[in-house]
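Visitor: sequence and computational prediction follow.
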Amino acid sequence: MAYFLLGLGSNIDPRENLSRAIDALHSLGEILDRSPAVFTEPVGESFTHTFGNQLIIIECSLPAPMLKQRLQRIEEQLGREPKSPARKTRDRTIDIDILQEAEDSITSLKQTPPEESYYREVYENWDQSENV
């Protein structure tokens, strides 16, 4: 088993789509911890809707490349357009990224903030003493 820190993001009905994504992630493994969702105003010219971001720690038996494929399928099932260069600048129902992986425990995942700036506020507000 491996442990993964996943970043979830949505700016189309973010409350609903973050919840739907978490429900779908249960099919891939055990969700060990999750942050509260953080909602922020859009940044840049290509986005106009509020973003919701959330962090999830999941225990999964799949290797990272196979997990990534399954995550892309969940994104598409929840209404995200298939992978293309242009989709980075479009509104999204859900975006699920593998941010970190650990083989032996979740400790390192919980102690290292994600590099992506849009997950920093989520990480900083995460009460990591509580599990799901």
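Guide: Cool, got the structure.
Visitor: hmm, which helix or strand of the chain has the shakiest average pLDDT?
Guide: helix 107-111 (a mean of 84; mean pLDDT, DSSP states H and E).
Visitor: helices along this structure, start to end?
Guide: Here the chain has its helices, by DSSP state H, at 14-25, 64-77, 107-111, 120-124.
Visitor: quick one: closest of those helices to Glu45.
Guide: Of all the helices of the chain, the one in closest proximity to Glu45, counting by CB to CB, is helix 14-25 (19.6 Å). Bear in mind the C-beta positions are built from the backbone N, C-alpha and C, glycine included.
Visitor: what's the distance between Thr93 and Gln111?
Guide: The gap separating Thr93 from Gln111 is 31 Å, by CB to CB, to the nearest Å.
Visitor: more neighbours: the two, which one.
Guide: Thr93 (21 against 8; other CB atoms under 10 Å).
Visitor: show me the contacts for Glu116.
Guide: Gly7, Asp97, Leu99 (CB atoms under 8 Å, 6 or more residues apart in numbering).
Visitor: now the residues you listed in TSV, with pLDDT, neighbour count and distance to Glu115?
Guide: Conversion of these to TSV gives the following (pLDDT from 0 to 100; neighbours: other CB atoms under 10 Å; distance: CB to CB, whole Å):
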residue	pLDDT	neighbour count	distance to Glu115
Gly7	96	21	10
Asp97	93	15	11
Leu99	95	18	8
